[in-house]
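Novice: Need a 3D model of the following:
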Amino acid sequence: MKTWIAEVISVGDELVSGQRLDTNAQWISQQLNELGIRTAFHSTVGDNLDLSQTVFRNAAARADIVVCTGGLGPTADDLTREVIARTAGVPLERRDEVVAHIRQMYRIRNREMPLSNLVQADFPAGATVIDNPEGTAPGIDFTFLPAAGHHRQCRIFALPGVPAELKQMWSLSVRPALQRMTGASSVIVHRTLHVFGEGESKIESMLPDLVARGNDPVTGITASAATITLRVSASGTNGAECEEKIAPVLNTIRERLGDLVYGADGQTLADVVIGKLKQRGQTLAVIDAGLHGDVASALAVADHDRSVLRNAILPAAQSFATYCDPQNGAHGIPPLQNAAARIKDQSNADFGIAIGPLNRDPGKIERGEATFDVTAIKVGSDGEVFTSDDRYVYRGHSSWRQQRAVKQVLNQLRFMIG
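Specialist: Next up is the predicted model:
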């Protein structure tokens, strides 16, 4: 089975300067993946003729398929058509049928066509026009041949950078062309498991044979804000074959990591907590004196129909102290348990969770002395009270330590719900 290799090229000064985020490249790679085509390279280049030619020459030498976006407009800095022609060593030819299409687009818009738009009808000799039904920039379908001085045959699809036009042209023209070219002989399926509670190196050490290179399926590991994601990828002739390959690997990961695995395929800890409570028909109330209400915010996003999160309070220090006072003469109970029980009873919820104050002094954080306490409380069907008490250190990189703290609270809830 042939492995088709692709490269995605994004053209534009606004991309290399960081003024605009390149979402087209991500979307194209996802589409190629669905066709069983492996995207091995992403290249981004500014509006420079010589540099662009180098990028296209490299791509034609190492990829079977190149998908390019941008640089097909009518202005002087739109160079893609010229770059392809120069790289292939062929002239540009003006296509009368494309000129007619562009003129018609301007008539429909009741506007006069500037003469500069005629360059959008110039195509490298031997290229096929990719129709753009609702725009003035048609795409280019061109094949670099070994006879033209390239090491391998490479087919390039150049599309405009406007996402709506790109996606329409992909669906109508490029995807069918790629299916015919590759025979749609394979697909690639990805499944992910999400892990919380251990670091990346520890998780990898628990799965040494699975993350080794050369496996089929391939298992990759990434970390983001204290969440570890394990991505299992398999290729096959159809989705069912891929899923059959992936299933035993997912089972092995779950067996080895146990409760460290909290979800799959994009689930968040908040999704899991809300899902568990919905299954049981139970509700939750939160009082937060330390994490700025971020726990409740995460839960609210996951609670789409507002059936679980009964109440969320972000109190000032004085009112939080009142919540921590003993209820009904119940002295001897830790203050945070009183707060959790009070918010639960006040909200008529099944679970109450109280997040204690957090001293965010930079010195304390640096020394590992910044801590916060969390108590979750519920009452069983027989009236027995269950509590879960934990103390967490507020630590980690400054860009994600708050996210980590929120996840620690949600993870504690996950275990208490059961």
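
Novice: Determine the longest helix present in the protein.
Specialist: Determined from DSSP state H, the single longest helix within the chain is helix 239-257.

Novice: if we look at stretch 235-251, which residues are touching it?
Specialist: Here stretch 235-251 makes contact (C-beta atoms under 8 Å, 6 or more residues apart in numbering) with 36, 185-189, 191, 193, 210, 216-217, 219, 232-234, 264. For glycine as for every other residue, the C-beta is placed from the backbone atoms N, C-alpha and C.

Novice: Show me which of these are buried.
Specialist: Applying 16 or more other C-beta atoms under 10 Å to these, the neighbour count classes 36, 186-189, 191, 193, 210, 217, 219, 232-234 as buried.

Novice: Out of these, flag the one nearest to M113.
Specialist: The nearest member of the buried ones among the contacts of stretch 235-251 to M113, counting by C-beta to C-beta, is G36 at 41.3 Å.

Novice: Now do the helix or strand where I188 lies and helix 239-257, the angle between them.
Specialist: I188 belongs to strand 187-196 when assigned by DSSP states H and E. Between strand 187-196 and helix 239-257, the angle comes out at 20 degrees (axes from the mean of the first three to the mean of the last three C-alpha atoms, to 10 degrees).

Novice: Now the spatially most central residue of the chain. Nearest residue, chain neighbours left out?
Specialist: For the chain, the residue nearest the mean C-alpha position is G266 (8.5 Å; C-alpha atoms, centre = their mean). Among residues not flanking G266 along the chain, T192 sits closest, at 7.1 Å (C-beta to C-beta, 6 or more residues apart in numbering).

Novice: quick revisit: could you list every helix and strand in contact with whichever helix or strand comes after the strand holding I188?
Specialist: Next along the chain after strand 187-196, taking DSSP H and E as the criterion, comes helix 200-206. Under the contact criterion of 3 or more C-beta pairs under 8 Å, 6 or more residues apart in numbering; DSSP states H and E, helix 200-206 touches strand 218-224, strand 227-236, helix 239-257.

Novice: Any idea which of these gets closest to D305?
Specialist: Of all those, strand 227-236 comes closest under C-beta to C-beta, at 25.4 Å.

Novice: re earlier: which SSE is immediately downstream of the longest helix of the chain?
Specialist: In N-to-C order, the element after helix 239-257 by DSSP H and E is strand 261-264.

Novice: quick one: the nearest residue in space to D294 that is not next to it in sequence from T283, how far?
Specialist: Distances taken as C-beta to C-beta, 6+ apart place V406 nearest to D294, at 4.8 Å, with adjacent residues excluded. Distance, V406 to T283, using C-beta to C-beta, to the nearest Å: 20 Å.

Novice: Please identify which of these two sits among more neighbours.
Specialist: V406 (25 against 20; other C-beta atoms under 10 Å).

Novice: wait, isn't G368 in contact with R401?
Specialist: No - between G368 and R401 there is no contact under C-beta atoms under 8 Å: 11.5 Å.

Novice: shared neighbours of those two, anything?
Specialist: Both G368 and R401 are in contact with R395, where contact means C-beta under 8 Å, 6+ apart.

Novice: More neighbours: which of these two?
Specialist: Ranked by neighbour count (other C-beta under 10 Å), G368 and R401 place R401 first, with 18 against 10.

Novice: Quick one: name whatever helix or strand follows the strand or helix carrying A341.
Specialist: Assigned by DSSP H and E, A341 belongs to helix 335-347. With elements assigned by DSSP H and E, the helix or strand that comes after helix 335-347 is strand 351-355.

Novice: on contacts alone, who are the packing partners of the very next helix or strand once past that next one?
Specialist: Following strand 351-355 in sequence order, the next helix or strand is helix 362-367 (DSSP H and E). Packed against helix 362-367, as judged by 3+ C-beta pairs under 8 Å, 6+ apart, are no other helices or strands.

Novice: could I get helix 362-367 in PDB with only the CA atoms?
Specialist: Output of helix 362-367 as PDB, limited to C-alpha atoms (Å, rounded to 0.1, in the frame of the first residue of the first chain):
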ATOM      1  CA  PRO A 362       5.000  35.400  44.600                       C
ATOM      2  CA  GLY A 363       7.600  34.400  47.300                       C
ATOM      3  CA  LYS A 364       5.300  31.800  48.700                       C
ATOM      4  CA  ILE A 365       4.500  30.400  45.300                       C
ATOM      5  CA  GLU A 366       8.200  30.200  44.500                       C
ATOM      6  CA  ARG A 367       9.000  28.400  47.700                       C
END
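
Novice: Quick check: Y392 touching G368?
Specialist: No - taking contacts as C-beta under 8 Å, Y392 lies outside contact range of G368: 11.2 Å.

Novice: Quick check: mean pLDDT of the helix holding A341?
Specialist: Average pLDDT, helix 335-347: 94.

Novice: Determine the set of other helices and strands touching it.
Specialist: Counting contacts by 3+ C-beta pairs under 8 Å, 6+ apart, helix 335-347 is packed against strand 284-288, strand 309-313, helix 317-324, strand 351-355, strand 371-379, strand 385-393.

Novice: What residues sit buried inside the second one?
Specialist: I take that to be strand 309-313. By 16+ other C-beta under 10 Å, the buried positions in strand 309-313 come out as L309, R310, N311, A312, I313.
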